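A.B. asks: give me a 3D structure for the following:
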Amino acid sequence: MQKVINVLAVLSFVGTAGIIGGGTVVYLRRDAIVEQVKENVAKAAAEAIAGALPDMMDSAMPELPKTTGGVVPVAPAMPATTGPAIPF
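C.D. replies: Numbering: from 1, shown residues only. From the prediction side, this is the model:
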């Protein structure tokens with residue numbers, strides 16, 4: 001029974017040391033980790049936007065008509081009327 005308890009104690013120590021060691025590494029490298037994450041997010045966002053733009057432009061542009069209609073009649077010109085003279 002003592003051997004089982006000793007094995008559990010060693011495993012507990014190794015687990016605790018691993019948690020403390022991992023936390024220390026992350027804490028000391030937090031600035032580099034944050035910068036790397038920012039770069040990855042910016043790169044992914046730029047790729048997503050660049051990939052979506054052609055599709056957005058294609059759907060926003062209307063199709064040109066294949067044929068056109070007849071000539072639109074021109075309305076008769078209205079006679080130019082003048083109002084009172086402006087003093088300056």
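A.B. asks: longest helix in this structure, please.
C.D. replies: helix 30-60 (DSSP state H).
A.B. asks: what comes up buried for that one?
C.D. replies: Buried residues in helix 30-60, counted by 16 or more other CB atoms under 10 Å: none are found. (Each C-beta comes from the backbone N, C-alpha and C, glycine too.)
A.B. asks: pLDDT on that helix, on average?
C.D. replies: Averaged over helix 30-60, pLDDT sits at 86.
A.B. asks: what's the offset of stretch 6-20 from the middle of its chain?
C.D. replies: 43 Å (CA atoms, centre = their mean, to the nearest Å).
A.B. asks: how about the CA coordinates for that stretch, as CSV?
C.D. replies: C-alpha atoms of stretch 6-20 as CSV (Å, rounded to 0.1, in the frame of the first residue of the first chain):
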residue,chain,number,x,y,z
ASN,A,6,4.4,6.9,-3.1
VAL,A,7,3.5,6.6,-6.8
LEU,A,8,0.5,8.9,-6.3
ALA,A,9,2.6,11.4,-4.5
VAL,A,10,5.2,11.4,-7.3
LEU,A,11,2.5,11.8,-9.9
SER,A,12,1.0,14.6,-8.0
PHE,A,13,4.4,16.3,-7.7
VAL,A,14,5.0,15.9,-11.4
GLY,A,15,1.6,17.2,-12.3
THR,A,16,1.9,20.2,-10.0
ALA,A,17,5.4,20.9,-11.4
GLY,A,18,4.1,20.7,-14.9
ILE,A,19,1.3,23.2,-14.2
ILE,A,20,3.7,25.6,-12.5
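A.B. asks: no further questions, thank you.
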